[in-house]
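# next comes the sequence, and after it the predicted model I'd like to discuss.
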Amino acid sequence: MKKSLFVLALILGYFSFFVGTVKAESLVAAKPVQEISSFELFWPVVAGKTVDDNMYFLKSFKEKLRGSLIFSDSRKMDYDIFLSVKRVVESEKLVDEGKADFAKTTVGEAENQVTKAKEEFVKGKEAKVDFGEVAPQIIDRLSNMEKLIVWLSSKNEQNRLLYRNLLQEIKDLKAIMI
């Protein structure tokens, strides 16, 4: 009798441990995607004025003026990526505020900046420009943008569609830089 109780207790103990393990594994699988902070990824870049603000044209003018004063090909490319980061952060703010049309415009601007940077990189490589000094920073920014965009895209289908082309441009640029 004692032996059968011992065996029964052992079997129950085994199954309770096994079931507990399965429950723990299912909890890990159901864990939500960790929130990503654009502030942490791109500090000190913040959205500030967005395309829906009346004074946005001044911000845009200042950025174009600053860009026209950069003469190094590698620095121009770095500045274009910096501007695309700003546009992505602005688009996040616009999406959060429910301003989908403005967000779409802003994502389009970010995509244009990444495309321009990609063209500058290709042209610079043909001219044997040394991107060594800015390449690590650019790749880091592109990787962080990719993380943020993947996270934003995971929120809903509308975001996934909004960021799809920009994400592809970022991946393409990273691929030719590495």
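Happy to help now that I have it.
# so, low pLDDT: which residues of this structure?
Counting by pLDDT under 70, the chain contains low-confidence ranges at 1-33.
# mind listing the helices for it?
Remark: helices of the chain, listed N- to C-terminal, are 2-29, 38-42, 56-68, 73-96, 100-126, 135-155, 157-177; assignment by DSSP state H.
# relative to K49, which of the ones you listed is closest?
For K49, the closest of those is helix 56-68, at 4.9 Å, according to CB to CB. C-beta here means a position set from N, CA and C on the backbone, and glycine is covered the same way.
# buried ones in the closest one?
For helix 56-68, the neighbour count (16 or more other CB atoms under 10 Å) marks 56, 59, 67 as buried.
# out of those, which is nearest to M177?
Taking CB to CB as the measure, G67 is the one of the buried residues of helix 56-68 closest to M177, at 20.1 Å.
# give the contact list for the closest one.
76, 79-80, 83 (CB atoms under 8 Å, 6 or more residues apart in numbering).
# could I get the phi/psi values of the closest residue to M55 other than its chain neighbours?
Closest residue in space to M55, ignoring its immediate chain neighbours: K49 at 5.9 Å, by CB to CB, 6 or more residues apart in numbering. With angles defined as degrees, to the nearest 10, K49 shows backbone torsions of phi -70, psi 140.
# also the one 5 residues further on?
Listed backbone geometry of N54 is phi -60, psi -30, with angles given as degrees, to the nearest 10.
# tell me who's in contact with it.
Applying CB under 8 Å, 6+ apart to N54 gives no contacts.
# distance of it from S91?
To S91, N54 is 19 Å away according to CB to CB, to the nearest Å.
# contacts for stretch 75-87 next, please.
The list of residues contacting stretch 75-87 from outside it, by CB under 8 Å, 6+ apart, reads 42, 45, 47, 63, 66-67, 70, 106-107, 109-111, 113-114, 116-117, 120-121, 124, 131, 134, 137-138, 141-142, 144-145.
# oh sorry, the question was meant for stretch 98-112
Taking contacts as CB under 8 Å, 6+ apart, the residues outside stretch 98-112 that touch it are 50-52, 83-84, 87-88, 90-91, 94-95, 158, 162-163, 165-166, 169.
# mind running it again at 6 Å?
For stretch 98-112, the external contacting residues (CB atoms under 6 Å, 6 or more residues apart in numbering) are 51-52, 84, 87-88, 90-91, 94-95, 162, 165-166, 169.
# okay, these in CSV with distance to F102 and neighbour count next?
CSV is the format used below for those (distance: CB to CB, whole Å; neighbours: other CB atoms under 10 Å):
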residue, distance to F102, neighbour count
V51, 5, 20
D52, 5, 16
S84, 17, 27
R87, 11, 24
V88, 14, 31
E90, 9, 29
S91, 8, 31
L94, 5, 22
V95, 9, 22
L162, 11, 22
N165, 17, 15
L166, 15, 26
E169, 20, 21
